[in-house]
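> make a model of this:
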Amino acid sequence: MIKTLTAHGNSAALIIDKPILELLDIDMSTPLKIVTDGRNLIVSPVRDAGRDELFRAALAKVNAEHESTLRKLAE
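You can find the predicted model right below:
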């Protein structure tokens, strides 16, 4: 997908299509982190760190409780 910038006052805006926003679970209130590697602009939604910790804890619990079954499935 090729996009062009749109004038927004004294700034430039990038319009992100609704299907992409929905895919990434981004809405108008989602904070976005913008970084560059010197050649590319990288825009990422900022996710709640507590949410990541809960996910990792749940994953560890499932792995601990079902380790043998998961190993058999992997074979």
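
> output the lowest mean pLDDT helix or strand found in this protein.
Every helix and strand of the chain was ranked by mean pLDDT, DSSP states H and E. The lowest is helix 49-65, at a mean of 87.

> check contacts around Leu54.
By CB atoms under 8 Å, 6 or more residues apart in numbering, the contact set of Leu54 is empty. Every C-beta, even on glycine, is put in place using the N, C-alpha and C of the backbone.

> need the next SSE after the least confident helix or strand of the chain, C-terminal direction.
Next along the chain after helix 49-65, taking DSSP states H and E as the criterion, comes helix 67-74.

> residues in contact with that following helix?
Contacts of helix 67-74 (CB under 8 Å, 6+ apart): Asn63.

> beta partners of the spatially most central residue of the chain?
The centroid of the chain falls nearest to Pro45 when counting by CA atoms, centre = their mean (5.2 Å). Bridge pairing for Pro45 (DSSP bridges) gives the partners Leu32.

> and the gap between it and Ala74?
The gap separating Pro45 from Ala74 is 31 Å, by CB to CB, to the nearest Å.

> over to Glu22?
Glu22 sits 33 Å away from Ala74, going by CB to CB.

> show me which of these two is the more surrounded one.
Using other CB atoms under 10 Å, the more surrounded residue of Glu22 and Ala74 is Glu22, with 10 against 6.
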